[in-house]
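Engineer: take a look and give me a structure for this.
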Amino acid sequence: MYRTDTHRRHFIAIGVLAALAGVSLGAPAQAAGPAPKTAKARKILVLGDSLSAEYGLKRGRGWVALLEQQLKADKMPVSVINASISGDTTSGGRARLGALLTQHRPTHVIIELGGNDALRGLPLELTRDNLTFMTQLAQNAGAKVLLIGMQVPPNYGKDYGERFAALFASVAKARRAALVPFLLKGIAEDDATRMFQADRIHPKEEAHPLMLANVWPELKKIL
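Structural biologist: Now for the predicted structure:
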């Protein structure tokens, strides 16, 4: 009797300790699985010039603001940081991008620069090198990149115009980045007095939905 009671009390004690430790008697302990990974919040950084900085428009009317509205309408939880500056060149963007990547840690970067390079007559090689550098820098930071191409008016000459337009595609292909061939497709071909502001460089408000329509299909593919 003593041995039976002792054994019974001993087993009960073990059961209590096991319960306190969260261990089930009679079954091997299960190793805890890895904690589920939390998906990184998607964030788009737009690095552009006056075409993306709402030059000459009321705030909230440019294509970047319309992009935010599009994302909300499609119930896509993606935030947008518009780091565009009127008059900026690819050299200016190159100088700013590193700090912006560190500050915002975007998952996607849209680069809309190069038009002012052409207006200032900067060498095409410089523009190409800067676009390549920015694309690679963003990719190395873990972001997907969308390059937005630009074209110049016919008065720049056919050869220059073709080489300028082609450099965006060449950078995108070399760096395996997404590409919008021409931001102003369907706008620049129109009557300049109808779709552009008085300077005939900056699109009017009614042109910006068309600009977003050029960007959105390519951006949606990489979101």
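Engineer: would you mark the buried spots in the helix or strand harbouring residue 70?
Structural biologist: Element membership for residue 70, per DSSP states H and E: helix 63-73. Neighbour counts over helix 63-73 (16 or more other CB atoms under 10 Å) mark 63-67, 70-71 as buried. All C-beta atoms are positioned from the backbone trio N, CA, C, and that covers glycine.
Engineer: average pLDDT for it?
Structural biologist: Mean pLDDT, helix 63-73: 98.
Engineer: ok now that helix, how far from the chain's centre?
Structural biologist: 13 Å (CA atoms, centre = their mean, to the nearest Å).
Engineer: residues touching it, excluding its own?
Structural biologist: Residues outside helix 63-73 that contact it (CB atoms under 8 Å, 6 or more residues apart in numbering): 44, 46, 48, 51-52, 54, 59, 78, 80, 82, 84, 208-209, 211-212, 215-216, 219.
Engineer: now, those that are in strands?
Structural biologist: Restricting the contacts of helix 63-73 to those inside strands, with DSSP state E as the criterion, leaves 44, 46, 48, 78, 80, 82.
Engineer: pLDDT score assigned to the first one?
Structural biologist: I take that to be residue 44. With respect to pLDDT, residue 44 scores 98.
Engineer: where along this protein do the strands fall?
Structural biologist: 42-48, 78-82, 108-112, 144-148, 178-180.
Engineer: with just CA atoms, put the fourth one into PDB.
Structural biologist: Pointing back at strand 144-148 there. What follows is strand 144-148, C-alpha atoms only, in PDB (Å, rounded to 0.1, in the frame of the first residue of the first chain):
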ATOM      1  CA  LYS A 144      11.300  47.600 -57.800                       C
ATOM      2  CA  VAL A 145      11.900  50.400 -60.300                       C
ATOM      3  CA  LEU A 146       9.700  51.900 -62.900                       C
ATOM      4  CA  LEU A 147      11.400  54.300 -65.300                       C
ATOM      5  CA  ILE A 148       9.300  56.900 -67.000                       C
END
